[in-house]
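Participant: my questions concern the predicted model and sequence given below.
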Amino acid sequence: MEEFLQEEMVAIGWSTLGDLSEADKQEIRNRLEKEYPDDDPRAIGLRVGYINRLVNKMDEGNTVLVPRYGNVYVGEVTGEYEYKESLSEDYAHQRPIDWRFNKSAIDGQKAPQKIHKKLYPGTVSHTVQDLDDKNAVETFLKQSAGAEKIRYFELLQDGELYGINKKTIEEAMLTVFQRYYPTMRGAGTRGDDEGDTDLIAENLPGDLTVRIQIKHYGDGDLGTEPIDQLAKSMDDGDRGIVATVGQVSPAAEKHAADSDYEISLIDGWEFTELVFEHRTEFSRSERRLLGLDSLPQVT
């Protein structure tokens, strides 16, 4: 597992099968039967499904769960299947992974039954599972992320987090996003003609400019209009982010994906994750601004 985290990938064995880049499920079966002629057909069938999942079924953006000693490492698939023979162990079949939670494991015992059965099927000693049931996965992750983080998210969404309100949300988000874009500052552009950018970071490596629009409380789920407003303020090559403390509507997700510009969406839970990822780095005044010092104790 340490190698998975260090190399930012996930991998499985059966390296003697060779490169499977062009192999379909039947070809994987053929190679397994040739390599392991004395193995039980049922065992071969399980391996076929296992290997085919990593080689052919996973897509970029899928959530990957890797159980270990009762805990679970959570990652997101970021690229295509690769075959690399140079690893120190029998792990040549790989997928690149962006590991979540700062590469730390979360409590796998809190997984709902439909996920727990996949993680601990009792048929193999270790598994790598990609799950397409996003609602089940997100529910599991939120339950496992820690009670304090969940309480922060709930107060943030309800507008009851001390320190963050309509007047301070831009400053609060600026404090967090400066951890990623040091030159970020308030922009304050307004008006239909020029679009709307609340925060801007210029002169980033590669001459990159990042523009952020922040959606405030009380407006319901994030819709398409803030995306259009941000796009109007963007130049070719800019990157855009629309951030909200609430939820993102499916229409907004599709609208951002279809935009002529590179625009990402951040909802309240994702913002909460960013806050807690850098929690120990904030100054006392920043912690007050973000409401971290006023959280009620939870168990």
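Facilitator: Thanks, I have it. Numbers count the residues shown, from 1 in each chain.

Participant: all helices of the chain, in order?
Facilitator: With DSSP state H, the ranges of helices along the chain come out as 2-7, 25-35, 41-52, 113-119, 134-144, 147-158, 169-177, 225-232, 250-258, 268-277, 284-289.

Participant: show me where the protein dips below the pLDDT cut-off.
Facilitator: The model of the chain has pLDDT under 70 over residues 86-89, 101-102, 109-114, 116-139, 141-145, 147, 188-194, 217-219, 296-299.

Participant: please identify the residue most distant from the middle of it.
Facilitator: Ranked by distance from the centre of the chain (Cα atoms, centre = their mean), the top residue is residue 38, with 41.6 Å.

Participant: now do the phi/psi pair for it.
Facilitator: phi -100, psi 0 (degrees, to the nearest 10).

Participant: dump the helices of the chain to JSON lines, plus mean neighbour count.
Facilitator: Every C-beta, even on glycine, is put in place using the N, C-alpha and C of the backbone. Below are these laid out as JSON lines (neighbours: other Cβ atoms under 10 Å):
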{"stretch": "helix 2-7", "mean neighbour count": "14"}
{"stretch": "helix 25-35", "mean neighbour count": "15"}
{"stretch": "helix 41-52", "mean neighbour count": "15"}
{"stretch": "helix 113-119", "mean neighbour count": "14"}
{"stretch": "helix 134-144", "mean neighbour count": "16"}
{"stretch": "helix 147-158", "mean neighbour count": "17"}
{"stretch": "helix 169-177", "mean neighbour count": "20"}
{"stretch": "helix 225-232", "mean neighbour count": "19"}
{"stretch": "helix 250-258", "mean neighbour count": "15"}
{"stretch": "helix 268-277", "mean neighbour count": "19"}
{"stretch": "helix 284-289", "mean neighbour count": "15"}
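
Participant: which of those helices sits closest to residue 18?
Facilitator: Closest approach to residue 18 among the helices of the chain (Cβ to Cβ): helix 25-35, 7.2 Å.

Participant: good, we can wrap up now.
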